[in-house]
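J.: I need the structure of the sequence given here:
(one chain, ligands or ions: 1)
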Amino acid sequence: MKYFFAALSILLGSGVLISMGAHEEGPVTKLSLPAEALTGKQTNPQFVPVPAEMATRSGIKLELKTLNKFKEMRAEAKKAGIDLFVLSGYRSFADQKRIWENKFSGKTKVAGKDLSTEKNPRNKVLAILTYSSMPGTSRHHWGTDFDIAFSKNNQPDALLNRSWETGKGKEAYTWLTQNASRFGFCQPYQESPEKRNPRTFTYGYNEEKWHWSYKPVSRDFTIAYKEQMDGLKPAGFSGADTCAEFYEKFILNVHQDCLTTP
Ligand SMILES: [Zn+2]
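T.: Predicted coordinates:
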C-alpha cells in the first residue's frame, strides 16, 4: 500500500493534509461524499444526459463537469479527424448488479464459460472480475467515468483492447493518450493490474483502453472511497462475502495518472 499512499500524499497540496494511511499522523480532512454516491445507490443522482449526436445510444448520463469537458475534448479530437462517442456512462448499483448476477448465475457466459458450473467461490468471482466490476465498486457509479467508442456503431467491439490497437481505433487511442490529459481525463486501467502499482496490488481490473475518467472530480471519489473503505464492504449481491477479500484492491489499483494532482 505504501506506493499508493506516497502518491496520494504528494498529490495533496497547499497545506491540507488528507490522511490516507492507517498510521499517518496529522490533521484529517474528511471529504463529504456519502456512501450512496460512492456505491451507485443514490435515489436521485443529478446527472445529465449525453446528447444523442455524441453517444452510441440514447439515455446515457454523466456528471455535468465531466460531460462539459468531454464535449470540449470531442470537438478538439474532431479537428484531428478523430470521432469520439460515449457508449456507457453512469451506472447505478442496480445496473451493475444486473450485469453481475447474470454472469454469476450463468445466464451470461464469461469467456465462453457457464459459471454456474464453477464450484470454487473465489475462482467464480475472480472470473467475473476479469471483465466486470462488483456492484458498489464501479467507477461508473460516480458519473465521472465513461467508455468511449471511436465510431457510432462499433459497440461492442470498442470494449476490446485489440480494437484500439489497429486502424481507426489505434488513431483514436494515440490521440487520447497524447491529448486527453489536457482536458483532465485519465485512463485508470492502463497496463496489467500487476504492473500498474507494482509491489502494492496484485489484483485489479484489467487494462481497458476505452475507459476514461474525469480526474478533477473522480480523484476525490477515489480518496473518499479509501477513507470510508471499511463501511463500504461488498453487500447485496451473490458472492459479496467472497468479494470482501478483493474489493479494496480492485478499487484502489488505478493508474497513477488518475491520482496525481489534476
Ligand atoms: Zn468502463
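J.: what sits against residue 121?
T.: The contact partners of residue 121, taken as CB atoms under 8 Å, 6 or more residues apart in numbering, are 239, 242. All C-beta atoms are positioned from the backbone trio N, CA, C, and that covers glycine.
J.: can you check the pLDDT for it?
T.: Looking at residue 121, its pLDDT is 95.
J.: separation between residue 237 and residue 128?
T.: In this view, residue 237 and residue 128 are 10 Å apart by CB to CB, to the nearest Å.
J.: neighbours around residue 44, how many?
T.: 5 (other CB atoms under 10 Å).
J.: my read: residue 66 touches residue 144, true?
T.: Yes. Look at residue 66 against residue 144 with CB atoms under 8 Å: they come within range, at 5.0 Å.
J.: give the residues shared as contacts by those two.
T.: In contact with both residue 66 and residue 144: 214, 217, using CB under 8 Å, 6+ apart.
J.: the residue in the stretch 51-200 of the chain positioned nearest to the ion in helix, strand or coil?
T.: With CB to the ion, the shortest gap between the stretch 51-200 of the chain and the ion falls at residue 147, namely 4.3 Å. Using DSSP: H, G, I helix; E, B strand; the rest coil, the structure places residue 147 in strand.
J.: tell me who's in contact with it.
T.: 86, 87, 88, 89, 158, 159, 208, 210, 211, 212.
J.: so which of the residues you listed also contact the ion?
T.: Residues of these in contact with the ion (CB under 5 Å from the ion): residue 211.
J.: closest to residue 190 among the contacts of residue 147?
T.: residue 208 (8.6 Å; CB to CB).
J.: residue contacts, that closest one?
T.: Applying CB under 8 Å, 6+ apart, the residues near residue 208 are 147, 159, 161, 187, 189.
J.: what's the distance between it and residue 51?
T.: 24 Å.
J.: then residue 216?
T.: Counting by CB to CB - residue 216 and residue 51 are separated by 21 Å.
J.: ok, these two, which is more surrounded?
T.: residue 216 (16 against 12).
J.: doesn't the more buried one lie inside a helix?
T.: Yes. Looking at residue 216 with three-state DSSP, it is inside a helix.
J.: what packs against the one helix or strand residue 71 maps to?
T.: Using DSSP states H and E, residue 71 maps to helix 64-79. Helix 64-79 is packed against helix 167-179, strand 185-186, strand 211-214, helix 215-228, with contacts defined by 3 or more CB pairs under 8 Å, 6 or more residues apart in numbering; DSSP states H and E.
J.: helices or strands up against the shortest one?
T.: Taking 3+ CB pairs under 8 Å, 6+ apart as contact, the helices and strands that strand 185-186 lies on are helix 64-79, strand 211-214.
J.: burial check on residue 141, number of neighbours?
T.: There are 26 residues near residue 141, going by other CB under 10 Å.
J.: got any ranges where this structure has weak pLDDT?
T.: 1-31, 262 (pLDDT under 70).
J.: residues from it in reach of the ion?
T.: Counting by CB under 5 Å from the ion, the chain sits next to the ion at 147, 211.
J.: now do the helices in the chain.
T.: 2-11, 35-38, 64-79, 93-105, 121-129, 167-179, 193-196, 215-228, 240-243, 247-252 (DSSP state H).
J.: residues touching the most centrally placed residue in the chain, list them.
T.: With the centre of the chain defined as its mean C-alpha position, the nearest residue by CA atoms, centre = their mean is residue 139, 3.6 Å away. Contacts for residue 139 (CB under 8 Å, 6+ apart) come out as 133, 145, 188, 211, 213, 218, 221.
J.: and for the closest residue to the ion within the chain, the neighbour number?
T.: Per CB to the ion, residue 211 is where the chain lies closest to the ion, at 3.7 Å. Residues near residue 211, counting by other CB under 10 Å, number 19.
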